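[1] structure for this input, please:
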Amino acid sequence: RAKPQNPSEAACFRLLSELDMVAAHVPGSVTAKRYQRNELWSLLSYMGAPTWFITFAPADVNHPLCLYLAGANVDFDLQRITLLGQSDRWRLIANNAVASARFFHFIVRVFIEEVLRWKRDEPGLFGETSAFYGTVEQ
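    From the prediction side, this is the model:
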């Protein structure tokens, strides 16, 4: 830990502190990650150590819902569903990041609501969920 030795260093430290406050609201910044880490440590302190660590990465280029959201006009009738070729799927998803984000949000929401059964009377797949913390990495 560094301590300011003179008034100009104190002013510099004050400025850095103010910049840090702004950076906390910038997603992906070092300060935002530090705030997230503090949130997680607080949750761990309050709830105790987690029982499960779950990581999932839905494959958006292979999922009909994501292709539908990207505008591929994919019909969801299981008898008539036709998927695009591999390169066409990649191109469609790469050109529509919003569709991928909406698909990921849908999958996460379904996981929380249906697998964890958060805020429901019946327990989820892993038992009763008392808390969860999720982050997104890209």
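[2] pull out the buried residues from the helix or strand encompassing Arg91.
    In the assignment (DSSP states H and E), Arg91 maps to helix 86-94. For helix 86-94, a neighbour-count test (16 or more other Cβ atoms under 10 Å) marks Arg89, Leu92, Ile93 as buried. No exception for glycine: its C-beta is placed from N, CA and C like everyone else's.
[3] can I get those residues in CSV including pLDDT and distance to Asn62?
    Output for the buried residues of helix 86-94, formatted as CSV (pLDDT from 0 to 100; distance: Cβ to Cβ, whole Å):
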residue, pLDDT, distance to Asn62
Arg89, 81, 7
Leu92, 84, 12
Ile93, 85, 10
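[4] what are the buried residues along the helix or strand of the chain with the lowest mean pLDDT?
    The least trusted helix or strand in the chain, going by mean pLDDT, DSSP states H and E, turns out to be helix 64-69, with a mean of 81. Applying a neighbour-count criterion of 16+ other Cβ under 10 Å, one finds Leu65, Cys66, Leu67, Leu69 buried in helix 64-69.
[5] over to stretch 127-138?
    Thr129.
[6] how far off centre is that stretch?
    Offset of stretch 127-138 from its chain centre (Cα atoms, centre = their mean, to the nearest Å): 10 Å.
[7] what's next to it, contact-wise?
    By Cβ atoms under 8 Å, 6 or more residues apart in numbering, the residues outside stretch 127-138 that reach it are Gln36, Glu39, Leu40, Leu43, Met47, Phe104, Val108, Ile112, Leu116, Arg117, Trp118, Pro123.
[8] what is the burial count for the last one?
    It refers to Pro123. Number of residues near Pro123 (other Cβ atoms under 10 Å) recorded here: 11.
[9] any idea how far it lies from Ala10?
    55 Å (Cβ to Cβ, to the nearest Å).
[10] hmm, back to that, okay if I get the buried residues of helix 64-69 as JSON lines plus distance to Val98?
    Compiled in JSON lines, the buried residues of helix 64-69 are given as follows (distance: Cβ to Cβ, whole Å):
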{"residue": "Leu65", "distance to Val98": "14"}
{"residue": "Cys66", "distance to Val98": "11"}
{"residue": "Leu67", "distance to Val98": "13"}
{"residue": "Leu69", "distance to Val98": "8"}
